[in-house]
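>>> A predicted structure for the sequence below; I have some questions about it.
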Amino acid sequence: MLKKALLSSLAVVIITVANLGVSTASFFTFYQPKTPKALEK
């Protein structure tokens, strides 16, 4: 039971981080005319 709760909380954290990453990428895409050097590949 404890393991299941741990896994679900971990999944929530992963989803939150993924959403945050997408939001940050969208923010940089829409609000910055130039790509920051840190994001260039």
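The structure has been received and is ready for your questions. Numbering: from 1, shown residues only.

>>> state the number of residues packed around residue 18.
Close neighbours of residue 18, defined as other C-beta atoms under 10 Å, add up to 10. (C-beta placed from N, C-alpha, C; glycine too.)

>>> actually, residue 28.
14.

>>> what residue ranges in the protein score low on pLDDT?
Where the chain drops to pLDDT under 70, the residues are 32-41.

>>> and the host helix or strand of residue 15, how far out from the chain middle?
Per DSSP states H and E: residue 15 is located in helix 2-31. On the basis of C-alpha atoms, centre = their mean, to the nearest Å, helix 2-31 sits 5 Å off its chain's mean C-alpha point.

>>> ok, stretch 25-33 next?
With C-alpha atoms, centre = their mean, you get 14 Å for stretch 25-33.

>>> any idea how far residue 9 is from residue 17?
Counting by C-beta to C-beta, to the nearest Å, the gap from residue 17 to residue 9 is 13 Å.

>>> same check, this time on residue 20
Shown here: residue 20 relative to residue 9, a distance of 16 Å by C-beta to C-beta.

>>> now residue 2
From residue 2 to residue 9 the distance is 11 Å (C-beta to C-beta).

>>> quick one, which of those two is more surrounded?
Under the criterion of other C-beta under 10 Å, the comparison of residue 2 against residue 9 puts residue 9 first, with 10 against 6.

>>> measure the more buried one to residue 27 for me?
Applying C-beta to C-beta to residue 9 and residue 27 gives a distance of 27 Å.

>>> okay then, goodbye and thanks.
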